[in-house]
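Chemist: next comes the sequence, and after it the predicted model I'd like to discuss.
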Amino acid sequence: MRWLFDRNVLENESRAIIFRYIKENPETYAKKIIQETNLSRGTVLYHLDILVYAGMVTSLKDSRFKKYRTAMKVIV
């Protein structure tokens, strides 16, 4: 993902929606993001991976599922 830079990560509309949702609902699960944003499962999981790779979101394993929250360094 060399094409990914801090300045363009949120230019994608779906990714921006997901990031905004996580910012407003910390410690949330992918299933909840899918339900609340009406984005497809594949879209949400793909963009979550990109947000984690970019360092904007972190994930924590909670039993069987991952919780997502914004990373500490992000100021958007």
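Modeler: Looks like it arrived, so ask away. Numbering: from 1, shown residues only.

Chemist: identify the residues contacting the spatially most central residue of the chain.
Modeler: By CA atoms, centre = their mean, the mean C-alpha position of the chain lies nearest to residue 48, the distance being 3.9 Å. When contacts are counted by CB atoms under 8 Å, 6 or more residues apart in numbering, residue 48 touches 18, 30, 33, 57, 59, 68. (Each C-beta comes from the backbone N, C-alpha and C, glycine too.)

Chemist: may I see the residues you listed arranged in JSON lines, with distance to residue 9 as well?
Modeler: Formatted as JSON lines, the contacts of residue 48 follow (distance: CB to CB, whole Å):
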{"residue": "18", "distance to residue 9": "11"}
{"residue": "30", "distance to residue 9": "18"}
{"residue": "33", "distance to residue 9": "17"}
{"residue": "57", "distance to residue 9": "10"}
{"residue": "59", "distance to residue 9": "16"}
{"residue": "68", "distance to residue 9": "15"}
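
Chemist: in strands only, show me those.
Modeler: Counted as lying in strands by DSSP state E, out of those, are 57, 59, 68.

Chemist: and the closest residue to residue 27 other than its chain neighbours, what pLDDT?
Modeler: Of all residues not flanking residue 27 in the chain, residue 67 sits nearest, at 4.9 Å (CB to CB, 6 or more residues apart in numbering). Here the pLDDT value assigned to residue 67 is 95.

Chemist: list the residues that contact residue 67.
Modeler: Listed by CB under 8 Å, 6+ apart, the contact set of residue 67 reads 27, 28, 29, 59, 60, 61.

Chemist: likewise for residue 9?
Modeler: 15, 50, 51, 54, 56.

Chemist: what's the helix or strand for residue 26?
Modeler: Using DSSP states H and E, residue 26 falls within no helix or strand.

Chemist: excluding covalently adjacent residues, which one is nearest to it?
Modeler: residue 69 (4.4 Å).

Chemist: who does the one you found bridge with?
Modeler: Per DSSP bridges, the residues bridged to residue 69 are residue 58.
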